[in-house]
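In: sequence first, predicted coordinates after that:
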Amino acid sequence: MKEPPDLLPGTLDLLVLRILARESMHGYAVAQRLKELSRDVLQVGESSLYPALQRLLLNGYVDAEWGASENNRRARYYTITKAGRRQLAAERAEFDEIVAAIQRVLQTA
Amino acid sequence: MINWFRRLRARIRYRHFEHDLTEELEFHRQMKEEALAPDGAATGDAPWRAQRELGNTTLMREDARHVWIAPWLESVWQDMRYALRSLRKHPGFTVTATITLLLGIGLNTMLFTLFNALALRSWPVADPARVVRVTPLSRATRGRGDGISFAEYRFLQRRATSFSGLVALERSGARIAPQPSGQAEYVQACSVSGNFFDVLGVAMAAGRAFVPEEAVFGAPRAVTVIGDALWRRRFGADPTIVGRTVYINEQPFTIVGVASPRFTGPDSVRRYELFIPLPAMPLVRLQAHESDVFDNPERCCAEVAGRLAPGVSAPRATAEIASLLGRFRAEWKLRPIGVRLSSTANLGPLTSAESLDQPGSRRVLAVFSLLFVALFLVLLLACANVGNLQLARGMGRRREIAIRLAIGAGRRRIVRQLLTESLLLSLAAGGLSMGFAAVLLGPILRIMDPRANASLSVAPGLAVLAFTFVFCLLAVLLTGLAPALRATRPGPAIASPGWQEVGIGRVRLRSVLLATQIALTTILLVAAGLLTRGIVTAMSSDLGFAVNDILVAQVTPPAGSGDASLRSGWFRGVLDTLDEAGLGPIAVTNIAPLADSRMSVGVRLPGERESDARHVRMLSASPEYFDLLRIPLVAGRTYDPRPSAREVVVNETLARLLWPGQQAVGKTLISGATWTVVGVAKDTRITGFETVPPVLHWAASATSVPLILLRGGGPHTEARVRAALRTFDPRIAVSTAALSDSLRSSLRNSITGATIAWAIGLLGLALAVVGVFGVFAYVVEERRREIGIRLALGARGVQVVRLILAQTRTATLGGLAVGFILSLGAGQVLRAYLFGASPFDPIAYGGIALLLAVSAAVAAYVPARRASRIDPAVTLRCE
């Protein structure tokens, strides 16, 4: 199976934020969700996921809390904060801009 | 910003954090495992597959952690903790190294603190960095039109825009008394312009500063501001001090204010206790000035300083002042001079230096430089010792380091960790040094010179902190780097127990260190030895004139004795009184015998050009001078005192210089005017202890020079002198000193210097002895097995000792040789302080060589003996 395409640097945070914007979930669920929503194209390695979650925590875009998971295990749930939502909107807009610019160049150059 | 707090919190709750992460990752793995299990994988396999797919959790944890805590910061912190632990486990090494470094760094810190307090501190005013002195660039001493006159100052003060204020001042002494006939006290006084306190930003402890109306030139008011110390001392800190009258040089003045205790005058060292407005100077006759001194641009000289206006740079201000002065001088047809702005820190603490060009400050600088060099050598010695200690310790840790290298630690990382240990040691030593400097320096100074200015505060400041820190870093580099690199060198693999390396490279570094120690100690000791020989030479040399029977008296005319001609008459009266009292013969002179004065004049032969003139010492005295001091005249006679006769006496050296091989009597020379030589005096040490310079003696008018020489050196004569003079004028101030006392005190500085040199030298020797001892002890330890085997095979104790000594022979001899060669250079540098003793004095060198030999023997003795006593059975058994 060919290597999954590399994510543009910095977009992982954006994706995780977006996923968490819908509902709070623990790390494993985020990874599954990402895989699922991207139709298996984006497979984020756990080695990048957890540092990303820590970054979001450091910057105050998410909050973390221990809770019980579906099968009654102790898991850490991440919830997006208001600042996180603002950041999400901002990064999304920026991302759209970049992609649009790339598209323009590809189409017209 | 908030991130910082979060990071800090994560750091503090480190373990909790770790635990959270671990648990989280474990949860993830379990979920994965469950997801895999129904996939049909063998049930036993699922956990490991999950783990494999999860990846390297340790690395993940570390990466996650590194989001919060910068990795470099963490590793530095790790290094520190490891270093601390390691140092704690070897207290012997730690204490020894710290004390050694403390000696090295501490002495330097103390010296620098002293230097900083004396030489680098500016006036105690507000924002001293913006206050500058305006000094003329010409080197001439006070002569007509060669400085900034008061008239020029007034001109500048009105027009200079690059200064927020310019002040002028003049320093002198004055007598102050609470009552007109009370006991007067002689204090340092300063006459200042009206804006002095405002411009310099000096606060008042009581009352106020001068107001402009009180400092109008030509209409002075008798007001004064006194210093805080004077207020407390003479007036008991009387709160009603403002408005009281005091008598300055017997003139009544009103006190309008007391300066804040922090302000001791426009000087970082001397304390000035009295301030009066400049225009009031004539009221108290503080200096011998002509009456138009404030208006005539040719009258010298004012000391000018000012505060730079905000935002103005020094070059701009200099340019403005220079151009203003140029305009003024062109208008008055005076010679143009350059100016420069300099900081108010003065480098002439022990003289009344007001400019950097004073010879006194140059000499103080020279002494300080020598001390710095000597103490720096001591620091190098200390570092060499500690370096050896580090080397030895590095060898002991070879196994540990080899294992770490094998596991995968980078060499750089280990070197960094070893350096961290050195850094901790240095910083500890540095911190202790500052503490010692703060506590010990004051008492040491007071012991060395009880007359030291009590207001000299030698508290270490920011500059000293920076200096100490730099030296700490230097010490780390010197003591830690080479041993660290050596210890981590990839070499033979993991050490087996009992394995010892006797590689050549390591021994070379240690030998170099040993040689360095020996060389440095040699230099320090030879310097001390030469200085001592110099003093011995000075004291035993024949001075060439009578010392034991002479009294030197100095009289000052009381204020208000009138102008020059009146004073001259008064002086004549003094001499006559002494003569009548039977205290003759009397001579007068301008410089006391043995006073180290460098007054010189230019002298040339008729027919030579002005530029060929040589500078020779000058002594003016009355004709009885030679007779009184019993200086023989080898040719001719003493001179005629009348100025019109234009007769001079030269000393033998000057005669040889100008007319080699000829008779000097009858010849003429030119110095300003044409003079005839009427006599040649034998060379004496009248000018001081160095090699006899050429000296020109000419007539002093009996009333224009301050010193009176009389026969009779005991206190009896002194009493008679005072009694006689009091009958002449009860207000007279007389100070007398026997010439033999001057002899002792003129050597006192040198003796102090030599003592300090010996102290430093012996300290260096102690350090070197400890170092040599350490090296030998380690060599013995290192070769213990080998020695044991040799002894078992039949070697004798003596042979073993010789073996040990042989290992260090090259280093020792090399160090000695280099040391002595460098000492020759040091001797040359010290030549000026040797009073004519030779810099190659064999007694000094021989003595020091003997001292070193004995010390080395002592240092090596114990380890060598222990070597010869090694019980082969014991060594061979403990493998």
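Out: On my side now, so go ahead.
In: and the top helix by length along chain A, which residues are buried?
Out: Scanning chain A for the helix with the most residues, using DSSP state H, yields helix A:82-108. Buried residues in helix A:82-108, counted by 16 or more other C-beta atoms under 10 Å in any protein chain shown: A:84, A:87-88, A:91. Quick note: C-beta positions are derived from backbone N, CA and C, even for glycine.
In: try stretch B:419-433
Out: Within stretch B:419-433, the residues scored as buried using 16+ other C-beta under 10 Å are B:419-430, B:432-433.
In: please apply the same query to stretch B:59-76.
Out: The neighbour-count check on stretch B:59-76 (16+ other C-beta under 10 Å) flags B:60-61, B:63-65, B:67-69, B:74 as buried.
In: now the residues you listed in JSON lines, with secondary structure?
Out: Formatted as JSON lines, those follow (DSSP: H, G, I helix; E, B strand; the rest coil):
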{"residue": "B:Met60", "secondary structure": "helix"}
{"residue": "B:Arg61", "secondary structure": "helix"}
{"residue": "B:Asp63", "secondary structure": "helix"}
{"residue": "B:Ala64", "secondary structure": "helix"}
{"residue": "B:Arg65", "secondary structure": "helix"}
{"residue": "B:Val67", "secondary structure": "helix"}
{"residue": "B:Trp68", "secondary structure": "helix"}
{"residue": "B:Ile69", "secondary structure": "coil"}
{"residue": "B:Glu74", "secondary structure": "helix"}
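In: any chance of the residues you listed in JSON lines, with pLDDT and distance to B:Ala538 too?
Out: Below are these laid out as JSON lines (pLDDT from 0 to 100; distance: C-beta to C-beta, whole Å):
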{"residue": "B:Met60", "pLDDT": "78", "distance to B:Ala538": "80"}
{"residue": "B:Arg61", "pLDDT": "79", "distance to B:Ala538": "77"}
{"residue": "B:Asp63", "pLDDT": "80", "distance to B:Ala538": "76"}
{"residue": "B:Ala64", "pLDDT": "77", "distance to B:Ala538": "77"}
{"residue": "B:Arg65", "pLDDT": "77", "distance to B:Ala538": "72"}
{"residue": "B:Val67", "pLDDT": "78", "distance to B:Ala538": "74"}
{"residue": "B:Trp68", "pLDDT": "76", "distance to B:Ala538": "72"}
{"residue": "B:Ile69", "pLDDT": "75", "distance to B:Ala538": "68"}
{"residue": "B:Glu74", "pLDDT": "80", "distance to B:Ala538": "64"}
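In: picking that back up, of the buried residues of helix A:82-108, closest to A:Leu14?
Out: A:Glu91 (4.8 Å; C-beta to C-beta).
In: residues contacting B:Thr94?
Out: Listed by C-beta atoms under 8 Å, 6 or more residues apart in numbering or on different chains, the contact partners of B:Thr94 are B:87-88, B:425.
In: same list (those) but as TSV, adding pLDDT.
Out: Converted to TSV, the contacts of B:Thr94 look like this (pLDDT from 0 to 100):
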residue	pLDDT
B:Leu87	89
B:Arg88	91
B:Leu425	90
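In: apart from its chain neighbours, what residue comes closest to B:Gly104?
Out: Among residues not flanking B:Gly104 along the chain, B:Ala382 sits closest, at 2.9 Å (C-beta to C-beta, 6 or more residues apart in numbering or on different chains).
In: kindly confirm my reading that the one you found is in a strand.
Out: No. Under three-state DSSP, B:Ala382 falls outside any strand and is assigned helix.
In: return the residues in contact with it.
Out: Contacts of B:Ala382 (C-beta under 8 Å, 6+ apart): B:100-101, B:103-105, B:475, B:767.
In: now swap in B:Gly218 and tell me
Out: B:279, B:294.
In: coming back round to it: near chain A too, which of the buried residues of stretch B:59-76?
Out: Among these, the ones lying near chain A by C-beta under 8 Å from any C-beta of the partner chain are B:60, B:63-65, B:67-68.
In: can you give me the strands in chain A?
Out: A:25-26, A:62-68, A:74-80 (DSSP state E).
In: of all those, which one is nearest chain B?
Out: For those, the distance to chain B is smallest for strand A:74-80, at 4.9 Å, taking C-beta to the nearest C-beta.
In: right, is the closest one up against chain B?
Out: Yes. Applying C-beta under 8 Å from any C-beta, one finds strand A:74-80 touching chain B at A:74-76.
In: restricted to buried residues, select these in PyMOL.
Out: This is how PyMOL selects the buried members of the residues of strand A:74-80 next to chain B, with burial counted by 16+ other C-beta under 10 Å:
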select buried, chain A and resi 75+76
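In: reformat the residues of strand A:74-80 next to chain B as JSON lines; add pLDDT.
Out: Shown next, in JSON lines, are the residues of strand A:74-80 next to chain B (pLDDT from 0 to 100):
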{"residue": "A:Arg74", "pLDDT": "85"}
{"residue": "A:Ala75", "pLDDT": "88"}
{"residue": "A:Arg76", "pLDDT": "89"}
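In: quick one on the thing from earlier: between the buried residues of stretch B:419-433, which is closest to chain A?
Out: The nearest member of these to chain A, counting by C-beta to the nearest C-beta, is B:Thr420 at 28.0 Å.
In: next SSE after the helix or strand harbouring that closest one?
Out: Per DSSP states H and E, B:Thr420 falls inside helix B:411-448. Downstream of helix B:411-448, the first helix or strand assigned by DSSP H and E is helix B:462-476.
In: buried ones in the helix or strand following that next one?
Out: Using DSSP H and E, the helix or strand that follows helix B:462-476 in sequence is helix B:482-487. Judged by neighbour count using 16+ other C-beta under 10 Å, the buried positions of helix B:482-487 are B:482-484, B:486-487.
In: just checking: which of the residues you listed also lie near chain A?
Out: Counting by C-beta under 8 Å from any C-beta, no member of the buried residues of helix B:482-487 is near chain A.
In: is stretch A:33-43 positioned near chain B?
Out: No. Contact of stretch A:33-43 with chain B (C-beta under 8 Å from any C-beta) is absent, the minimum separation being 10.7 Å.
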